[in-house]
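Engineer: pasting a predicted model and its sequence here:
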Amino acid sequence: MFRLLLLLGPLALAACAATPPLPEGRWTGALTPERHPELKTPVAYDVRYEGDRLVVAIVGPGGQEVPTRDVRLTPAALVFAFDEPEEGVPLHCVLDRDGDGGFAGRCTAPDGQWARFTMRPPE
């Protein structure tokens with residue numbers, strides 16, 4: 001039994017670690033600030049790969065591209081960080097998979113303020 005676990009353990013870990021890649025292209029979505037839930041600002045996300053590295057840039061309504069960093073895709077979520085463009089506040093984002101191929105979650109500032117971000121795949 002122990003020998004079987006030794007043989008199958010790495011295979012099980014590899015299967016758990018395998019996350020399908022995000023489709024490249026222009027994703028769409030919105031951001032809603034914590035303090036203004038009635039506001040929905042449209043945003044886009046440019047998703048691409050540089051070798052094995054996932055690269056995501058957030059594109060604001062005026063076309064301004066904001067690079068993200070520390071991008072990680074897990075079976076449950078897309079995680080990344082970026083600096084808010086106007087004040088340079090670092091934001092940490094965890095967007096959970098929503099079951100329809102997209103993501104939704106919060107980007108949180110160090111002081112605890114947050115905004116809800118949604119992300120829909122390219123059509």
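Structural biologist: Thanks, I have it.
Engineer: who does P42 bridge with?
Structural biologist: Taking DSSP bridges as the rule, P42 bridges to A30.
Engineer: residues contacting it?
Structural biologist: The neighbours of P42, taking Cβ atoms under 8 Å, 6 or more residues apart in numbering as the test, are 28-30, 61. For glycine as for every other residue, the C-beta is placed from the backbone atoms N, C-alpha and C.
Engineer: out of these, who's the most crowded?
Structural biologist: Highest neighbour count within the contacts of P42, by other Cβ atoms under 10 Å: G29, with 20 neighbours.
Engineer: contacts for whichever strand or helix holds C107?
Structural biologist: Taking DSSP states H and E as the criterion, C107 maps to strand 103-108. Counting contacts by Cβ under 8 Å, 6+ apart, the residues outside strand 103-108 that touch it are 31, 77-78, 82, 91-98, 114-119.
Engineer: partner strands of it, with direction?
Structural biologist: Those paired with strand 103-108 in the sheet (DSSP bridges) are strand 90-97 (antiparallel), strand 114-119 (antiparallel).
Engineer: turn the contacts of P42 into CSV, including distance to T68 and pLDDT.
Structural biologist: Converted to CSV, the contacts of P42 look like this (distance: Cβ to Cβ, whole Å; pLDDT from 0 to 100):
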residue, distance to T68, pLDDT
T28, 16, 98
G29, 14, 97
A30, 17, 97
P61, 17, 90
